[in-house]
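Asker: Structure, please.
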Amino acid sequence: MAQEDQLVLTEKQLNEIAERAAKKTVDEMTSQIYAEIGKGVVKKGLVLMGCLLVALWYYFNRLGVIK
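Answerer: I've put the predicted structure just below:
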């Protein structure tokens, strides 16, 4: 590679690049964490809904509404 093909960056430019890369990494990790939390909340909500449906079925079955 010839000398004229090389790009020289200042310390300020290197710091800006590093800060952008760090911010992008943190943003991606944060969105992944929120996605995992969302999956957990949905899963727990579905389990709770299932338990509620079973409890309602049992309640109405004991009343004689459902035979």
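Asker: Tell me who's in contact with T25.
Answerer: By CB atoms under 8 Å, 6 or more residues apart in numbering, the contact list for T25 is empty. Placement of C-beta: from N, CA and C, glycine included.
Asker: What separation is there between it and K39?
Answerer: In this view, T25 and K39 are 22 Å apart by CB to CB, to the nearest Å.
Asker: again, but for L52
Answerer: L52 sits 20 Å away from K39, going by CB to CB.
Asker: ok, and Q32, which helix or strand is that part of?
Answerer: With the criterion set as DSSP states H and E, the secondary-structure element containing Q32 is helix 11-63.
Asker: Oh, that last question was meant for L7, not what I typed.
Answerer: Secondary-structure assignment from DSSP H and E places L7 in no helical or strand segment.
Asker: what's the burial count for it?
Answerer: Using other CB atoms under 10 Å as the criterion, L7 is surrounded by 5 other residues.
Asker: how close does it sit to G40?
Answerer: Distance of L7 to G40, computed by CB to CB: 46 Å.
Asker: can you pull the pLDDT of the most centrally placed residue in the chain?
Answerer: The centroid of the chain falls nearest to A35 when counting by CA atoms, centre = their mean (1.6 Å). On the pLDDT scale, A35 is placed at 96.
Asker: Okay then, goodbye and thanks.
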